[in-house]
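In: structure, please.
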Amino acid sequence: MATRYLGELHGIEIGASTQNSFELRRAINVDFVDQADNQQQGCPPAVVHVVALGDKLPFQDATLDYVVSSHVIEHFYDPVKALREWYRVIQPGGYIFVIAPHRDRTFDHKRVVTPLQELIDRSTGRVKLSDYAMRPGERVEPGKPDEREPQFLVRDKAAAKMAEGWPRFTSDTHHHWSVWRTDDFLELVRWLKFEVVEVQDVDDKIGNGFTVVIRK
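Out: Now for the predicted structure:
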């Protein structure tokens, strides 16, 4: 599906330090590190052409044909900011091609789907990183196969009482901040008023995620 939409276009892949490659010949790889890590075990390292934050890209407005990301959007604390940034850099007629892990087909299957309002609150600053508490004694790491909730949002006095003594987040750990099923992610995209041109509830890359294709 990625080849069908993007194969002859010029664009970027976000978060390709290790890569189950899409074999897109005209793709530039962007990552916030310049060497492979262990997030996609068994996959070969990719050449990182541009070191940059995925939600703060060093590209001018409307200069790319596409942005593609696979199992990356869930690692952004503020996916609204990331999606808006990807939309900014693609030209009219260009694509955002997202594969995200499906809540029911990954190690997140016992977690609660992240509500749209919580994502909006993160983006507007109503909810801050420090409003999330971490379970005592736990290290939250990218891709860590933990079925429990890695973060707890302290919204009110009752929640603060429950999380008394729990450490608060002071930096972005890039774990799975958000959890979606296909329809939940589509709710976010429609709230952003982006045009969706195709959806796969089961992605044709690996099958543990869903695919959403957005056109500008």
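
In: and for P150, the neighbour number?
Out: Neighbour count for P150, taken as other Cβ atoms under 10 Å: 21. The way it works is simple: take the backbone N, C-alpha and C, and place the C-beta from them, glycine included.

In: that one touches V179, doesn't it?
Out: No - under the criterion of Cβ atoms under 8 Å, P150 makes no contact with V179, lying 10.1 Å away.

In: what residues does the helix or strand of the chain with the lowest mean pLDDT touch?
Out: Least confident helix or strand, the chain: helix 157-162 with a mean of 84, by mean pLDDT, DSSP states H and E. For helix 157-162, the external contacting residues (Cβ atoms under 8 Å, 6 or more residues apart in numbering) are 152-154.

In: state the distance from N20 to W180.
Out: 20 Å (Cβ to Cβ, to the nearest Å).

In: between the two, who's got more neighbours?
Out: Neighbour comparison, N20 and W180: the larger count goes to W180, with 25 against 14 (by other Cβ under 10 Å).

In: returning to what we had before: so which of the contacts of helix 157-162 wins on neighbours?
Out: By neighbour count, taken as other Cβ under 10 Å, the most surrounded of those turns out to be V154 (20 neighbours).

In: if we can go back for a sec, any chance of the contacts of helix 157-162 in a markdown table, with distance to L64 and secondary structure too?
Out: Formatted as a markdown table, the contacts of helix 157-162 follow (distance: Cβ to Cβ, whole Å; DSSP: H, G, I helix; E, B strand; the rest coil):
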| residue | distance to L64 | secondary structure |
| --- | --- | --- |
| F152 | 37 | strand |
| L153 | 34 | strand |
| V154 | 39 | coil |
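
In: now, which of those sits nearest Q60?
Out: Comparing the contacts of helix 157-162 against Q60 with Cβ to Cβ picks out L153 as the nearest, at 36.0 Å.

In: next, the contact list for that closest one, please.
Out: If you count contacts by Cβ under 8 Å, 6+ apart, L153 has them with 118, 127, 131-133, 159.

In: kindly report the same for G165.
Out: By Cβ under 8 Å, 6+ apart, G165 lies in contact with P136.

In: tell me which element it is part of?
Out: Here G165 sits in a region with no helix or strand, counting by DSSP states H and E.

In: also G94?
Out: Short version, using DSSP H and E: G94 is in strand 90-101.

In: and the contacts of that strand?
Out: In contact with strand 90-101 (Cβ under 8 Å, 6+ apart) are residues 2, 5-6, 9, 11, 62-71, 73-74, 83, 86-87, 108, 176, 180, 185, 194, 197, 203, 205, 208-216.

In: which is the next helix or strand following it?
Out: helix 116-124.

In: same for that next one, what does it pack against?
Out: Counting contacts by 3 or more Cβ pairs under 8 Å, 6 or more residues apart in numbering; DSSP states H and E, helix 116-124 is packed against helix 79-89, helix 182-191.

In: buried deepest among those, which one?
Out: Ranked by mean neighbour count, the helices and strands packed on helix 116-124 are led by helix 79-89 with a mean of 20 (mean count of other Cβ atoms under 10 Å).

In: other SSEs contacting that helix?
Out: Using 3+ Cβ pairs under 8 Å, 6+ apart, helix 79-89 is in contact with strand 64-70, strand 90-101, helix 116-124, helix 182-191.
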